[in-house]
Each structure stands twice: as C-alpha cells, then as structure tokens.
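>>> Take this sequence and fold it.
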Amino acid sequence: MKNKKAILYLSLLLVLFILLLSSTYIVRETNQVIVTQFGKPVGKVKNTPGLKFKTPFIQKANYFEKRFLEWDGSPDQVPTKDKKYIFVDTYARWQITDPLQFFKRLTDERGAQTRLDDILDGETRDYIAAHDIEEAVRTSNRQPVLGDSISELLGDTLMMIEVGREKIQNMIKESANAKASDLGIVILDFRFKRINYIADVRQQVYERMNSERFRIADKFRSEGQGEASRINGEKERDLKTIQSVAFRDAEEIKGKADAKAAAIYASAYDRSAASRDLYAFLKSLETFEKTFDNKTSIIISTDSELYKYLKSMK
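Next up, the predicted model:
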C-alpha cells in the first residue's frame, strides 16, 4: 500500500514538473518571443527578459534574435552598363524589428535568408547593370597632386564618375529596405565584399595599365633626354669658355715673357759694342742652325747680316 502511494506521489510530481516546464519559458536579453496557439500568434511580443508563462501543451514560444544578423551573398557574374561582366560578392547586416510581422511573413530566419537572397541579389544586379564598371569599382574621382606628373598623366586616363561605389551600395540598401518594409526586418548595412573582373575584362585592364605606364615612361624618357641635351650643351659652352680664357691667359703670359726676354736682350745688347757683336753673332748662328742644313741652297744680297758672317767664315 505504501509503495502504491509512493508511486502515485512520484507520478503526480512528474506530471506537475512537466506541466510547469510546458507552461513557462524564459526570455533572454538577446531574444524576443512570440507565443502561438495552434500556429497562430496570441498576445503581444515578449521582449523583456525574465520568466514568462503560457498555456501548457497548447501554446508554443517562438524565439527570435534581437541582435544584428548576417547575410552573405553568393558571388555572381553581373553585366555592367558598358557590357562588361564582373564577379560581385556582397554581404549585409539586418535586424528583426517587428517579430510579429516577421513571423507572419517569413516564419523564421531561414525564410528570411531566402527572401533576402531574392531582394539583395536582384537589387545588386539591377544597380550594377545601370552603371558603368568604373562607377562600381571606384568611390570618388582621383585628384592629381600638384606637381605630380604621374598623377596628372593617370588623371587624364581615368573616367570621371558621377555616382561611385559607395553611393551604389547605399542605393541598393535603400531600395532593398523599401521592398522589405512589410517583412518586419530592416537592412542595416550593405557592402560589396569583392568585385573582380572576368578573364576577358581583366586582360583589357592589364593592357590599358601597361599602355598607360609605357606612356609615362616615354614621357620621362623624353624629358630625361632633353635635360641631358641641355646639360651637354652647357658643358660644351663652359668648356669653350674655359679654353678661350686659358688661351688668352697663356698668350698674355707668353707675351709678357717675350717682352721681358726682349728687354733683357736689349739691355745686354746696349751694354757694349763687343756684347752687341757677340749677341748678333750668337743669334745669327741660332738662325743658321734652325734654318739651314747640308742640302739647303739660298740666295741672299751682299748687304744681308747673314752674308756678313758667311763671308767672314771663308
């Protein structure tokens, strides 16, 4: 009898425990809860933390995240306005703002991810197709640095953009939010995670980059050759100037030396007749030595100074 009562008490406690578990639920700081009865929402959204109660077995607590959620798009090949294909990889952050509407329209996060795939991938394709490839790749126009010839050369080849990558991202986010306005969610941020060219476009970009660099190299090469010519011209001019000045100085020194030598000779010549005769004789011998050899034939007059010494040698 006692065993039967113990079993009965234990069974009753077990039933009460099960009833307690099925009639309570806990709302955490990161959750918001909707209670449903036979699949239909009842009551208001429970988003304050704490222990809550519901009808056991009949009602069910459905938990939804309060925190930001992640959406990661699949890389896809998208055509641009100028008929160039690029691979676009995107991501976004979103949040459940109206759990009741979210539950009615999407049921759970898996349904929300599928719906976001449709919305964000479609908007990405539409906006990429409405703009040139430069608009999707670049955020702003490049401003050449004053005096930077490379920047100026590259600036000439870069197409001016009017919208840019950042504005396209914002437009996709705004358009997607407009389409998701009745889903109980909001898209907080949308970004291009990666944009890459397909093989054909990549080759065109590389060729364009090469041609731009070759053009820059040619410009610097021509400027260098012009500067080298200018330096060589200045060098030749300076060399000729130095040589002419040196020649002039040398001639002046030689002239002064000759004048000094002549003065010395004249001084020596004026000292005495014997000195004069000796000086004249030595100069005549020097003239003979430099002028004549054993094969030389000359015709001179009888009043020549040379004839006087030749006559005296006989």
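
>>> List the buried residues for stretch 108-115?
Judged by neighbour count using 16 or more other C-beta atoms under 10 Å, the buried positions of stretch 108-115 are A112, R115. Every residue, glycine included, has its C-beta placed from N, CA and C.

>>> Please enumerate residues in contact with it?
The set of residues that contact stretch 108-115 without belonging to it, under C-beta atoms under 8 Å, 6 or more residues apart in numbering, is F64, E65, L69, W71, W94, I96, F102, L106, A180, L183, I185.

>>> so how far is that stretch from its chain's centroid?
Here the centre of stretch 108-115 is set off from its chain's centre by 40 Å, with C-alpha atoms, centre = their mean, to the nearest Å.

>>> average pLDDT across the helix or strand containing E207?
Here E207 sits within helix 199-271, counting by DSSP states H and E. With pLDDT averaged residue by residue, helix 199-271 scores 79.

>>> And it, how far out from the chain middle?
Per C-alpha atoms, centre = their mean, the centroid offset for helix 199-271 relative to its chain is 40 Å.

>>> Give the other helices and strands that it contacts.
Applying 3 or more C-beta pairs under 8 Å, 6 or more residues apart in numbering; DSSP states H and E, one finds that helix 199-271 contacts strand 85-96, helix 149-157, helix 273-291.

>>> Pick out the shakiest of those, pLDDT-wise.
Mean pLDDT values for the helices and strands packed on helix 199-271 show the minimum at helix 149-157, a mean of 50.

>>> just checking, what packs against the helix or strand that that helix is followed by?
Tracing the chain C-terminally past helix 149-157 and defining elements by DSSP H and E, one meets helix 165-179 next. Helices and strands in packing contact with helix 165-179 are listed as helix 109-129, helix 133-137, strand 185-197; criterion 3+ C-beta pairs under 8 Å, 6+ apart.

>>> which one of those is the most hemmed in?
Scoring those by mean neighbour count under mean count of other C-beta atoms under 10 Å gives helix 133-137 as the most buried, with a mean of 21.

>>> Show me what it is in contact with.
Outside of helix 133-137, the residues that reach it under the criterion C-beta under 8 Å, 6+ apart are 80, 82, 84, 86, 88, 128, 158-159, 161-165, 168, 192, 195, 201.

>>> Next, count neighbours for G39.
One way to gauge burial is a neighbour count; for G39, by other C-beta atoms under 10 Å, it gives 7.

>>> now do the one 3 residues further on
Residues within reach of V42, counting by other C-beta under 10 Å, total 13.

>>> still on that earlier bit, now the contacts of helix 133-137: which count as buried?
80, 84, 86, 88, 128, 161, 163-165, 168, 192, 195, 201.

>>> List the buried residues for stretch 213-229?
Residues I216 are the ones in stretch 213-229 that count as buried (16+ other C-beta under 10 Å).

>>> Dump that stretch to PDB, restricted to CA.
These are the backbone C-alpha positions of stretch 213-229, laid out as PDB (Å, rounded to 0.1, in the frame of the first residue of the first chain):
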ATOM      1  CA  ARG A 213      52.800  53.000 -67.800                       C
ATOM      2  CA  PHE A 214      54.600  52.900 -71.200                       C
ATOM      3  CA  ARG A 215      53.300  56.400 -72.000                       C
ATOM      4  CA  ILE A 216      54.500  57.700 -68.600                       C
ATOM      5  CA  ALA A 217      57.900  56.000 -69.200                       C
ATOM      6  CA  ASP A 218      58.200  57.600 -72.700                       C
ATOM      7  CA  LYS A 219      57.300  61.000 -71.200                       C
ATOM      8  CA  PHE A 220      60.000  60.700 -68.500                       C
ATOM      9  CA  ARG A 221      62.500  59.300 -71.100                       C
ATOM     10  CA  SER A 222      62.000  62.200 -73.400                       C
ATOM     11  CA  GLU A 223      62.200  64.700 -70.500                       C
ATOM     12  CA  GLY A 224      65.400  63.000 -69.500                       C
ATOM     13  CA  GLN A 225      66.900  63.200 -73.000                       C
ATOM     14  CA  GLY A 226      66.000  66.800 -73.200                       C
ATOM     15  CA  GLU A 227      67.600  67.500 -69.800                       C
ATOM     16  CA  ALA A 228      70.700  65.500 -70.900                       C
ATOM     17  CA  SER A 229      71.000  67.600 -74.100                       C
END
